[in-house]
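J.: Sequence isn't available, so here's the structure alone:
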C-alpha cells in the first residue's frame, strides 16, 4: 500500500481533533502493545531538526527516519505536519516565564522580564517565527500560559482587559519584528547592500532630502543601542501615559 505524502497529510482537518491532541485529551487505546513513541517525543525531535536546518526541513518522513520507522508509523501519533508544527511550538514554549521573583505590583519589571524571556525563545528557535504566523491557529496550554503570564503582568496597570490585550500585541509584535530582522541579517550581504544603496542615494539625494540628511547624520550606523530595550521602554512609557490619562 503506497504511503501518503506530507502534502496529502497536511489537508485541513477537524480543529477539535487537533486541539485534543495538543491538550492531551485524545482517546488512548486500552488494548494492544504499548506505543513506542508519543506525540511529545516526536515533537521534540522535530524541533531539534528545525533548530538545525529550519522549518522547511521538517517532514513526517525526516522525523520518522530519526526514529528508524516509516512515516506511516508516525501517523498513529500525529495526523500530519500541521499538527506536528503545533506540537513543536508547544515543546519550545513548555516553560513559561517565571515572574514570581519580580516585586509585587512592579508591572514594568514583570513585563520587561516576560518580553526578554520571549525574545530569547525566538532567538533560540528561529523557526518559531514562521510556525506562529499571525493567523488563526491551534493553541495548546503552553502557548496560552505565555499569554496568561503577559496579561497577569499587566493587571497592576489597571487597564481594561481589551487594552491589556492590545499591549500584549505590541509586545509580541516587537519581539517578532526583531526576530525577523535577526533572521534576515546577512553580514556580507548587508555590507554590499549598504554600499550600493549609499551610491544610489548619493545620485538621487535631491529626490529624498530627509533620507539623505538622516544618512549623513549616521541614522543607520550601529550605535550600540539595545533595540529590544529601546522598543520595550517606548511601549511601557506609552502604557504609563495611558494609565496617567485615565486617572
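T.: That came in fine, so what should we check first? Because the structure is predicted, anything quoted here is derived from the model rather than measured.
J.: next SSE after the longest helix along the chain?
T.: Using DSSP state H, we find that the single longest helix of the chain is helix 161-184. Per DSSP states H and E, the first helix or strand lying C-terminal to helix 161-184 is helix 187-203.
J.: quick one: that next one to helix 161-184, angle?
T.: On the basis of axes from the mean of the first three to the mean of the last three C-alpha atoms, to 10 degrees, helix 187-203 is oriented at 100 degrees to helix 161-184.
J.: List the contacts of the longest helix of the chain.
T.: Helix 161-184 is contacted by residues 111, 114-115, 118-119, 122-123, 126, 128-129, 147, 150-151, 154-155, 157, 159, 227-228, 231-232, 235, 239, 242 when judged by C-beta atoms under 8 Å, 6 or more residues apart in numbering. Yep, even glycine has a C-beta here, placed from its N, CA and C like the rest.
J.: Among these, which are located in strands?
T.: Judged by DSSP state E, strands contain none of these.
J.: Buried ones among those residues?
T.: 111, 114-115, 118-119, 122, 126, 128-129, 150, 154, 157, 159, 228, 231-232, 235, 239 (16 or more other C-beta atoms under 10 Å).
J.: Now intersect those residues with the helices, please.
T.: 111, 114-115, 118-119, 122, 128-129, 150, 154, 228, 231-232, 235, 239.
J.: Farthest from the middle of this protein: give me that residue.
T.: residue 206 (40.9 Å; C-alpha atoms, centre = their mean).
J.: Could you list the domains of the protein?
T.: Domain ranges of the chain: 6-92, 107-185+217-246, per automatic domain parsing.
J.: Give the rounded mean pLDDT of the first one.
T.: The reference is to domain 6-92. Averaged over domain 6-92, pLDDT sits at 84.
J.: before we move on, what about stretch 164-175?
T.: 97.
J.: Repeat that for stretch 216-232.
T.: For stretch 216-232, mean pLDDT rounds to 87.
J.: please renumber so the chain begins at 27
T.: With the count now opening at 27, the last piece we talked about shows up as stretch 242-258.
J.: distance between the ends of that stretch?
T.: 27 Å (C-alpha to C-alpha, to the nearest Å).
J.: for that stretch, which positions count as buried?
T.: Using 16+ other C-beta under 10 Å as the test for burial, stretch 242-258 gives 254, 257, 258.
J.: Residue 82 versus the first one, what's the distance?
T.: When C-beta to C-beta, to the nearest Å is the yardstick, residue 254 and residue 82 sit 27 Å from each other.
J.: Equivalent analysis for the last one, please.
T.: Distance of residue 258 to residue 82, computed by C-beta to C-beta: 31 Å.
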